[in-house]
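1. give the three-dimensional model of this entry:
(one chain, ligands or ions: 1)
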Amino acid sequence: MIFYSTNKKTTPTSLKKATLEGLATDGGLYVPSEIPGFSEEEIELLRDAPFNDIAFAVAKKFNDGEIPDGRLGEIVENCFTFATPLVGIEPHTYIEELFNGPTLAFKDYGARFLAHLTGYFAEEDHRLITILVATSGDTGSAVAYGFKGVPNTRVVLLYPSGKVSRLQEQQLTTVGGNVTALEIDGDFDDCQRLVKQAFMDAELKQKLALTSANSINISRLIPQSFYYAWGSLQLETRHPGKKAVFSVPSGNYGNLTGGVLAKMMGFPIDHLIAGSNVNDSVTRYLEEGRYEPHPTVETLSSAMDVGNPSNFARLRYFYRDDHRAMAADISGYSVSDAETLDTIRAVYDRFGYIMDPHTAVGFRALEKFRETNKPCDEPAAILSTAHPAKFIEAIKDALDMDITLPDRLQEVLDKQKISIPMSADYRDFSSFLSKF
Ligand SMILES: *Cc1c(COP(=O)(O)O)cnc(C)c1O
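-> The predicted structure follows:
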């Protein structure tokens, strides 16, 4: 498979180069030259297959021989060691729980696949690759746990001292092994500036084989189609003759773009719903056909506070910049914080199910879709992007109750924090890296 940049100014690129570069040199995002298709026979063979068989079948189409099948199969097995439950709460409504990975959020799917591919490519080149990540919290922990123990890779995380939650800090600073956490005396922008400066230092970049693992990497996008492929087949088995609707809590729109890939590949998906919080540039575009990004506003669903989502460039590319084609596949709804809290409450009262604020946005968006599109008897799944225990405060506000932390989170809180304090001066950072 060949990959191009959405800016169309770079030469065609291999999966390896696109993965190790992250962002294309012309500033665009990598996209596959074509979206591979699954024939009806191929889909029939996958119908009752386990998650990892479906993940492998999809990955194989994007890989197209660059990684031998046997190794790709091992990579998939090493990535998805946790379950993806599809929980029915009403006859036509399901929650697809994507929060059973090590950091209890859906970003584990993308981060783990990227980590294992990077490890494979590093081994092929007989190199040790260094991943530099600036984080304000959750992205960094998904990357840290993704790369944990992956041979031929090591991670340097930069986080702003005192500006991440205690749980996030513990998740960043207790992984150990090939993951080093730098506690920067500054804010998130300082962390990002330091990482950018290191990447511009050609000698350093070459010496350490620096790469970025950021959220727009094509190898984080591809695995985000696996759980749509799997989920749509599961729903079709439970509701013969029907195609699935997925409702997706969206911020940077990587998750939703994974759904677009699965639909275009031919999996039985009828429609996609994007639920945003008040950061609604894309949901408004879907409705009105005009894209006017706004400054970011803080909300309860903080991982979706993105004023100008990067993956919008990919969505435009896949729909050839045709608003009507995109709006035929995807409906967008924005959901306020008050509606989010109401939804957490209503879902708990009706079904006894506790959902985090991001998932609640997806749930409310599905309700809005059903209010405007009657009759709608397609089975629908809301993608649950985080475990509610990660957002204890919001749950307490909505339900006036404390929820217990899963053992895995409690263990992380009990561990000894190990970080290296550092100033926000680039000279300190570069001298650290040159001895690393
Ligand atoms: C990152 C994140 C999202 C948004 O996903 P995008 O791919 O950026 O749209 C939603 N919920 C949670 C919990 C997240 O961490």
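2. now do the strands in the stretch 51-200 of the chain.
-> Assigned by DSSP state E, counting those that start in this stretch, the stretch 51-200 of the chain shows strands spanning 86-90, 93-97, 129-134, 153-160, 179-184.
3. dump the ones you listed to CSV, plus distance to the ligand and mean neighbour count.
-> For the C-beta atoms, the positions are set from N, CA and C on the backbone; glycine is no exception. Output for these, formatted as CSV (distance: least, Cβ to the nearest ligand atom, whole Å; neighbours: other Cβ atoms under 10 Å):
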stretch, distance to the ligand, mean neighbour count
strand 86-90, 17, 14
strand 93-97, 12, 23
strand 129-134, 15, 24
strand 153-160, 16, 24
strand 179-184, 19, 23
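4. what's the helix or strand for residue 308?
-> Per DSSP states H and E, residue 308 falls between elements, in no helix or strand.
5. just checking, it touches residue 292?
-> No. Using Cβ atoms under 8 Å as the test, residue 308 is too far from residue 292 to be in contact (9.8 Å).
6. those two: which is more packed in?
-> Using other Cβ atoms under 10 Å, the more surrounded residue of residue 308 and residue 292 is residue 308, with 15 against 9.
7. quick check: buried residues in the lengthiest helix in the chain?
-> Of all the segments of type helix in the chain, defined by DSSP state H, the longest one is helix 107-124. Judged by neighbour count using 16 or more other Cβ atoms under 10 Å, the buried positions of helix 107-124 are 107-123.
8. who are the packing partners of that helix?
-> helix 15-21, helix 69-79, strand 129-134, helix 138-147, strand 153-160, helix 218-221 (3 or more Cβ pairs under 8 Å, 6 or more residues apart in numbering; DSSP states H and E).
9. circling back to that earlier point, among the buried residues of helix 107-124, which are within reach of the ligand?
-> Among the buried residues of helix 107-124, the residues lying close to the ligand (Cβ under 6 Å from any ligand atom) are residue 107.
10. now do the phi/psi pair for residue 354.
-> With angles defined as degrees, to the nearest 10, residue 354 sits at phi -100, psi 120.
11. residues of the chain that sit close to the ligand?
-> Near the ligand, when you scan the chain using Cβ under 6 Å from any ligand atom, you find 105, 107, 138, 249-255, 303-304, 358, 385-386.
12. quick check on those residues: which are buried?
-> The buried subset of the residues of the chain next to the ligand - by 16+ other Cβ under 10 Å - is 105, 107, 138, 249-255, 303-304, 358, 385-386.
13. out of the residues you listed, list just those in helices.
-> Those of these lying in helices (DSSP H): 107, 138, 254-255, 358.
14. could you redo those residues as a markdown table and give each row distance to residue 39 and pLDDT?
-> What follows is these, written out as a markdown table (distance: Cβ to Cβ, whole Å; pLDDT from 0 to 100):
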| residue | distance to residue 39 | pLDDT |
| --- | --- | --- |
| 107 | 32 | 95 |
| 138 | 38 | 77 |
| 254 | 27 | 96 |
| 255 | 26 | 98 |
| 358 | 35 | 97 |
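15. residue 54: which of those is nearest?
-> residue 255 (17.4 Å; Cβ to Cβ).
16. for the closest one, what are its contacts?
-> If you count contacts by Cβ atoms under 8 Å, 6 or more residues apart in numbering, residue 255 has them with 106, 224, 248-249, 383, 385.
17. how about these, which pair is most distant?
-> Checked with Cβ to Cβ, those reach their widest spread between 224 and 249, with 13.0 Å between them.
18. which of the residues of the chain next to the ligand sits closest to residue 420?
-> residue 138 (21.0 Å).
19. and that closest one, how far is that from residue 165?
-> 10 Å (Cβ to Cβ, to the nearest Å).
20. next: residue 186.
-> 18 Å.
21. the two - which one has more neighbours?
-> Neighbour totals were compared for residue 186 and residue 165, and residue 186 leads with 17 against 13 (other Cβ under 10 Å).
22. and the nearest residue to residue 327 once chain neighbours are set aside, how many neighbours?
-> Leaving out its chain neighbours, the residue that sits closest to residue 327 by Cβ to Cβ, 6 or more residues apart in numbering is residue 286, at 5.3 Å. Using other Cβ under 10 Å, the number of residues around residue 286 comes to 21.
23. confidence score at residue 286?
-> In this model, residue 286 is scored at 97, pLDDT.
24. what's the closest of the buried ones among the residues of the chain next to the ligand to residue 419?
-> Out of those, the member with the shortest distance to residue 419 (by Cβ to Cβ) is residue 138, at 17.1 Å.
25. list the residues that contact the closest one.
-> Contacts of residue 138 by Cβ under 8 Å, 6+ apart are 103, 105, 107, 168, 303.
26. per-residue pLDDT, the closest residue to the ligand within the stretch 101-250 of the chain?
-> Nearest to the ligand in the stretch 101-250 of the chain, going by Cβ to the nearest ligand atom, is residue 250, at a distance of 4.0 Å. pLDDT, residue 250: 97.
27. find residues that contact each of residue 308 and residue 292.
-> Counting by Cβ under 8 Å, 6+ apart, the residues touching both residue 308 and residue 292 are residue 281.
28. now residue 273: closest residue in space that isn't a chain neighbour?
-> Per Cβ to Cβ, 6+ apart, closest to residue 273 is residue 247, 4.1 Å.
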